[in-house]
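# sharing a sequence plus its predicted fold:
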Amino acid sequence: MSSEALVDSKIAGQGQTAPSSRSAAYEAYLRALRWRAWSINLWQIGLVAVFLVAWEVAPRAGWINPMLTSYPSAVARTFMASASDGTLLMHTWVTLSETIIGFAGGMFLGLLCAIALWWSDYLYRVLDPFIVVLNAIPKIALVPIFYIWLGDAASIYAMAIAVSVFVTVLMLFTGFKAIDPDKVKLARLFGASKRQILDKIVLPGSVPTIISALKVNVGLALVGVIVGEFQAAKAGLGYLITYGSQIFQMNLVMTAIVVLAMISTVLFAAIQAIEATVLRRHGVSR
Amino acid sequence: MLRNTPIPAVEIRDVTLNYFTPERETLALSNITLDVAKGEFIALVGSSGCGKSTLLTLVSGLMPPSRGSIKVDGLDVTAPSPSVGFMFQKDTLLDWRSIVDNVMLGAELLGLDRRRARLRAETLLTRYGLGEFMHSLPHQLSGGMRQRAALARTLCCEPDLLLLDEPFSALDYQTRLALSDEIAAILQAEGKTVILVTHDIGEAISMADRVIVMSRRPGRIKSEHQISFPSFGDKRPTPFEARKCPEFAQYFQTIWDELDLHEVH
């Protein structure tokens, strides 16, 4: 019996039904599903619109002080002006490149440390309390020290790495340890060396964990870069925010924040796209 | 019969294993002596925690015994060897590798000729009815198919001795019966020596030539039962047929009584 029966049930389970024979109730179900998706989008757009209108109207009506909040229309004008003379693009690029480099650095360093800790349990026992404490320290407190030690450029990267690296180490190490011990045993039964166990079992088995770490880190690296720029930079969106607030140019501050929101959305979407393709190829069933 | 062959496939002599945890020292196995002839299929049964899986791990070479010796094909076991295959309770297929790549894992880790291994993997998968799933990922297969792929992975390196650590217990009842029939037929056809660890008495009786009953911790050999089904004639019954023979019920009752399963502390 087994093989054919099992094959059939498996394929049937993947839901390939003939499209020709849809009942009216099923059509109605599909319509309801589509309407639900639409209405959720509608709500989202509506909320943004209500927010923008309230932001525009409230200062104009004198309910709040326009000096403090600026207006969407003024922000849009500043945005267009600084976008057309290239300064906004320059500042955005500075922040974006610092974020990507800091993010990659934090990820790489975190991966190396996690591998070292996985390799030697003794090392892990020795270092564990320090990693936990370092992870708990608010890294933002280190900004002035990094500035004094490393200067304006390097301190920004150092900040981005410091904010993300400890979480990365802890996340990846936990992921490595969660690999099914029978899979490790299987590799050892085939005479695998520790290096082979790492390459063939632990690292590929941790791809979903690595992707979760990427997701967390992209946000953290951006936090590190902006905080670093507050203290040290002569360019970048963090610099734009401090500069704008010092000369009380809320238009500039808001513009920088809008661009930041756009950057984080793009970065997050990029990671999500990577996640979708990698996990599908990786055999994770969803 | 086969037991008179000069060198047994497996020779376990006076094996004792202690293991240490910060809380206590545990005597897991005590003075185990056991021979397995070439081509013989033996089953180790015992209540959970009696050390039957531990004994299998010792035979595999992953861990040395505290005292005593273990020989496979006349040679002392010091490390895992490609001539010994192991199957787990779970299929332990790697989710990110296609079925054929999973089957080739052993060859890859051992640095064997890839082309030859691939050919053998494809032959085995086709033989076990998985030909069209060669390039599928494990999550696309049912539990029984996955366990057959795991068997192909074990047999791909052409081991002479197979260690099966409850390989059917994670499957549902019907799949388990069907698959044990298939696997028994495959192993019989290939003339492999097999040590099966199981807590399922019926599985042990229906598949093995000899059933070894182990006592509670410290694991000792309590009794041995040579299994035969005269009522079936000269041919060996398949596990499914064996379950219907009158001898099956007698063996079951004897072994059940010896296991003292009801006497839970």
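Ah, there it is. Numbers count the residues shown, from 1 in each chain, chains lettered A, B, ... in the order given.
# bridge partners for B:Ser223, pull those for me.
Applying DSSP bridges to B:Ser223 yields these beta-bridge partners: B:Val213.
# that one touches B:Asp260, doesn't it?
No - B:Ser223 is not in contact with B:Asp260 according to CB atoms under 8 Å; the separation is 11.9 Å. The way it works is simple: take the backbone N, C-alpha and C, and place the C-beta from them, glycine included.
# and the helices in the stretch 51-200 of chain A?
A:66-69, A:72-84, A:87-119, A:121-136, A:143-177, A:181-189, A:194-196 (DSSP state H, counting those that start in this stretch).
# dump those helices to JSON lines, plus mean pLDDT, distance to chain B and mean neighbour count.
What follows is those, written out as JSON lines (pLDDT from 0 to 100; distance: least, CB to the nearest CB, whole Å; neighbours: other CB atoms under 10 Å in any protein chain shown):
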{"stretch": "helix A:66-69", "mean pLDDT": "84", "distance to chain B": "51", "mean neighbour count": "12"}
{"stretch": "helix A:72-84", "mean pLDDT": "89", "distance to chain B": "43", "mean neighbour count": "16"}
{"stretch": "helix A:87-119", "mean pLDDT": "93", "distance to chain B": "18", "mean neighbour count": "19"}
{"stretch": "helix A:121-136", "mean pLDDT": "93", "distance to chain B": "14", "mean neighbour count": "12"}
{"stretch": "helix A:143-177", "mean pLDDT": "91", "distance to chain B": "14", "mean neighbour count": "20"}
{"stretch": "helix A:181-189", "mean pLDDT": "93", "distance to chain B": "5", "mean neighbour count": "20"}
{"stretch": "helix A:194-196", "mean pLDDT": "94", "distance to chain B": "6", "mean neighbour count": "14"}
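# B:Pro82 is nearest to which of those?
Of all the helices of the stretch 51-200 of chain A, it is helix A:181-189 that lies closest to B:Pro82, at 9.3 Å by CB to CB.
# give me the residues contacting the closest one.
Helix A:181-189 is contacted by residues A:196-197, A:200-202, A:205, B:60, B:62, B:80, B:84, B:86, B:88-90, B:92, B:94, B:105, B:109 when judged by CB atoms under 8 Å, 6 or more residues apart in numbering or on different chains.
# max-length helix in chain B?
helix B:173-190 (DSSP state H).
# what about the helix or strand hosting A:Leu42, distance to the chain center?
Here A:Leu42, judged by DSSP states H and E, is contained in helix A:24-60. Centroid separation for helix A:24-60 versus its chain: 26 Å, with CA atoms, centre = their mean, to the nearest Å.
# what comes up buried for that helix?
Within helix A:24-60, the residues that count as buried by 16 or more other CB atoms under 10 Å in any protein chain shown are A:Trp55, A:Pro59.
# and that helix, what other elements does it pack with?
In terms of contacts (3 or more CB pairs under 8 Å, 6 or more residues apart in numbering or on different chains; DSSP states H and E), helix A:24-60 is packed against helix A:66-69, helix A:72-84.
# switch these over to CSV; also include distance to B:Ile255.
Conversion of the helices and strands packed on helix A:24-60 to CSV gives the following (distance: least, CB to CB, whole Å):
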stretch, distance to B:Ile255
helix A:66-69, 82
helix A:72-84, 81
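# that older thread, show me the contacts of helix A:181-189 that map onto strands.
Among the contacts of helix A:181-189, the members found in strands (DSSP state E) are B:Val84, B:Phe86.
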